[in-house]
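**Student:** Show me how the following folds:
(2 chains)
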Amino acid sequence: MELAATIRGVTYRFASVKELLGRANPPKSGDDLAGVSARSAVERVAARAALADLTLAQLRAHPVVPYEDDEVTRVVEDDLDAAAYKAVAHLSVGQFREWLLDGATTGATLHAVAPGLTPEMAAAVCKLMSNLDLMTVAAKCEVVVRANTTLGLAGRLSSRVQPNHPSDDIDGILASAREGLSYGCGDAVIGVNPATDTPASTAAILTALDGVCRKHAIPTQHCVLSHVTVQMKALALGCPMDLMFQSVAGTEDANRAFGVSVALLDEAWAMMKAQGTAAGPNVMYFETGQGSALSSAAHHGADQLTVEARCYGLARRYRPFLVNTVVGFIGPEYLEDGPQITRAALEDHFMGKLLGLPMGCDACFTYHARMSQDELESVKVLLGAAGCTYLMSLPVGDDIMLNYQSTSFHDIPSVRRLLGKRPTPEFDAWCEAKGITKNGAPGPRFGDATVVA
Amino acid sequence: MSRPVHASVTRALVADLRHRLGAADPAPPRLALPPVVAPPARVYVARRPSLAPGAGSDHTTALLGIGHVGTRYATDVVLQFQAELAVAHEAVAAVLDDGWAADHGFLPLRSRVADHREYLLRPDLGRRLAPDSLARLQASAARDVDVQLILADGLSAGAAMAAGPALYQATADACRARGLTVGSPVCATFARVWLEDEIGAEVRAQVAIILLGERPGLGTGDGLSAYLVYQPALGKTDGDRNMMSNLHARGTPPEEAAPRLAALAHAMIAQRTSGVGLDLDRVEVAVERGYRAPQVRARLVDTGGRP
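**Tutor:** Numbering: from 1, shown residues only, chains lettered A, B, ... in the order given. Next up, the predicted model:
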């Protein structure tokens, strides 16, 4: 298998599929840091030309981390749907791109093919696509999941209320949660990142959130995003828990740095199916983000886009209710500025949807990245137009505990109004009944937190 | 040959097309514009429903009860937000003065990073000591200690300089009160969390604790985070560490953080592990949460009496 392409008489050769995937990636500071990016703009195009000629079967045969060395590769390979794979295995990556964009290829077809795709295939085709290509295909994918409510239906844009607090003050958390609900946010989940990672505090926050949801019959889910082992202990204490969360990475070594493994996640999932409080069947929540493997030197020489796709290959094993990339959170050493963060948000959403996940996005930046608030607001609209399942929502987009800028309680209804989207059907009906919205527009109790006092 | 002056050719074609399609003129009939009634000079005062007793708005600095204009912010909220954003960006740009560490009784150390942009883009360099700093550490730091404390700039040199010495001292005192020995005071510039591995290994500490400025938040830049690792050595990962974040007045103040950090260090030595292996249920720490002032978010833009 020769990996080469010639541009204006100069032939560019690539030593491996992994190297080719890295060189074909659009510019990312994290790939520069890893030393895997193209050394010139022309070499990048040459890599894409060579990549376009590889078949999906060749990509399956050359995962960026070998089967013998990595349990994420093994999960992907062992769980792959043979019939779905066989249907597209013969396509080159270039042909695969065209097939995805073809108007005759429907969302239902993409959903059927998803279990036969490996992460490397999703990453490879992603590198041949422009931002608008990524949005066009992602918008076709409809991934519907259910915990208590039904997420991912066409014409819907959901949100997580993220009422974090730097000292886990329950009253402070609930004050933010109530405010978010009054703006029609929180239909995906009310999810708290705790400042203190203990079973007792996790249980205390969940119990408080559960009280609000029960009192006002709010059709949604709750979750506290502590480490999975802490949540398992909290669940053993007998607290309510609709969704179980964990950050996941795209290689076994990077997951070890997160303190997780496939065996541990299997155990957590089994425990959640038995003891979780949501109706299901989808009860898991995962977060990802380009660069996390490199940050623990566990990327195995692969580019961060491909490693990110492998997170989704692992996540889909657990039929999750929520998966989102926290795209701008990791910092400028991986995604340096507005264009890189924007591109990564659309890439991750596309790859997640293509691999069959109910993909959301935390469209965000840290204050040490070079991205403006205007650029961030644009990303939210792009994601909404691409059919993103859910965004985050916080007071003025400001996370007072994790210290970064995300989506605000005001942004969610703004994007919904612009794009003609509504919350989940169950939550939509609740908002209308409470007067938070009226026919989808702001209603008499919009922004009035006493509606859930 | 001059073109016939027949600008109406296209118009005639389009009229014929519409006629054949049986379609009417697609432009809507011109409507009379409504008279503009001068809007009142209204200020969109923040609705504060969350001020109801027990509603919790004095328990958080989150911007709540700010109301809305349509689905967007009032002008005052926009201006406050932009001012807070500017403050955060200024905090990131600050740099720890070279002489500051020595003036405050710390052994000054530097990572392999040369300047601030390199610090942001090259975490690998921020995790290792510069050769001359390594030599200085080897020459003058105490070895075989239970706990090595490290103060560092991280992403907010301002926080390290303002709040660092007090937290450092309180934590050292709390460790000694538990009978633990504490290493020489060191302060590192352009430091990442994992720099504690090399420093801790070099002085053969049982536990390394790095206290460093955390990413500034909106309108703030005064927070520290602490990361602890048992038997520090190059190659330790995040799963090997325990951490406390938001060490500032709105989160965990120093008088609560210091005994907790000492208790964690003590537990790591007792359990011979850290990170996900540490059983936090067995970490005993007696911290009475005393009176806490109401949480208030400072207004940055003085609008001269305008609400």
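**Student:** What parts of the stretch 101-250 of chain B come near chain A?
**Tutor:** Counting by CB under 8 Å from any CB of the partner chain, the residues of the stretch 101-250 of chain B lying close to chain A are B:120-124, B:155, B:214-218, B:220, B:223, B:237-239, B:244-246, B:248, B:250. (Glycine included, C-beta is placed from N, CA and C.)
**Student:** give me that answer again for 10 Å
**Tutor:** By CB under 10 Å from any CB of the partner chain, the part of the stretch 101-250 of chain B that sits against chain A consists of B:116-117, B:119-124, B:126-127, B:155-156, B:192, B:194, B:214-221, B:223, B:225, B:235-250.
**Student:** Got phi/psi on residue 274?
**Tutor:** With no chain named, the answer covers chain A. Main-chain torsions, residue A:274, degrees, to the nearest 10: phi -80, psi -40.
**Student:** what's the burial count for it?
**Tutor:** Using other CB atoms under 10 Å in any protein chain shown, the number of residues around residue A:274 comes to 8.
**Student:** Please apply the same query to residue A:226.
**Tutor:** Residues near residue A:226, counting by other CB under 10 Å, number 26.
**Student:** hey, where'd the helices end up in the stretch 101-250 of chain A?
**Tutor:** For the stretch 101-250 of chain A, applying DSSP state H, counting those that start in this stretch gives helices covering A:107-113, A:119-127, A:131-140, A:170-182, A:199-215, A:228-236.
**Student:** To residue A:278, which of those helices lies closest?
**Tutor:** Checking those against residue A:278 by CB to CB gives helix A:199-215 as the closest, at 11.0 Å.
**Student:** Show the contacting residues for the nearest residue to residue A:239 once chain neighbours are set aside.
**Tutor:** By the measure of CB to CB, 6 or more residues apart in numbering or on different chains, the closest residue to residue A:239 outside its immediate chain neighbours is residue A:203, 3.8 Å from it. Remark: with contacts taken as CB atoms under 10 Å, 6 or more residues apart in numbering or on different chains, residue A:203 is in contact with A:224, A:226, A:230-231, A:233-241.
**Student:** Just the buried residues out of those residues, in ChimeraX syntax.
**Tutor:** Written as a ChimeraX command, the selection of buried residues from those, which uses 16 or more other CB atoms under 10 Å in any protein chain shown, is:
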select /A:224,226,230,231,233,234,235,239,240,241
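**Student:** Hmm, residue A:329 is touching residue A:368, no?
**Tutor:** No. Residue A:329 sits out of contact with residue A:368 when judged by CB atoms under 10 Å, with a separation of 11.4 Å.
**Student:** So the two - more neighbours on which side?
**Tutor:** A direct count of neighbours by other CB under 10 Å for residue A:329 and residue A:368 places residue A:329 higher, at 25 against 21.
**Student:** Specify the local secondary structure of the more buried one.
**Tutor:** With DSSP: H, G, I helix; E, B strand; the rest coil as the basis, the three-state label of residue A:329 is coil.
**Student:** Now residue A:181: closest residue in space, sequence neighbours ignored.
**Tutor:** Closest to residue A:181 by CB to CB, 6+ apart is residue A:452, at 5.1 Å.
**Student:** how about residue 176, what does it touch?
**Tutor:** Using chain A here. Under the contact definition (CB under 10 Å, 6+ apart), the residues listed for residue A:176 are A:161-165, A:190, A:192, A:393-395, A:400, A:409, A:449, B:50, B:56-57, B:59-60, B:62-64.
**Student:** meant chain B actually
**Tutor:** Under the criterion of CB under 10 Å, 6+ apart, the contact list for residue B:176 reads B:146, B:147, B:182, B:262.
**Student:** In a helix, it, correct?
**Tutor:** Yes. Checked against three-state DSSP, residue B:176 lies within a helix.
**Student:** Please tell me the pLDDT value assigned to it.
**Tutor:** Here, the pLDDT recorded for residue B:176 equals 97.
**Student:** Next, find the distance separating it from chain A.
**Tutor:** Shown here: residue B:176 relative to chain A, a distance of 25 Å by CB to the nearest CB, to the nearest Å.
**Student:** one step back: let me have the helices of the stretch 101-250 of chain A in TSV, extended by mean pLDDT and distance to residue A:70.
**Tutor:** Formatted as TSV, the entries for these read as follows, by pLDDT from 0 to 100; distance: least, CB to CB, whole Å:
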stretch	mean pLDDT	distance to residue A:70
helix A:107-113	97	24
helix A:119-127	98	12
helix A:131-140	98	27
helix A:170-182	96	38
helix A:199-215	97	30
helix A:228-236	97	20
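**Student:** hey, what's in contact with both of residue A:329 and residue A:368?
**Tutor:** Counting by CB under 10 Å, 6+ apart, the shared contacts of residue A:329 and residue A:368 are A:404, B:215.
**Student:** Among the residues of the stretch 101-250 of chain B next to chain A, name the ones in helices.
**Tutor:** For these, the ones inside helices are B:116, B:117, B:119, B:120, B:121, B:123, B:124, B:126, with DSSP state H as the criterion.
**Student:** hmm, which of the residues you listed are the buried ones?
**Tutor:** A residue is treated as buried here by neighbour count (16+ other CB under 10 Å); on that basis the buried members of these are B:119, B:120, B:121, B:123, B:124, B:126.
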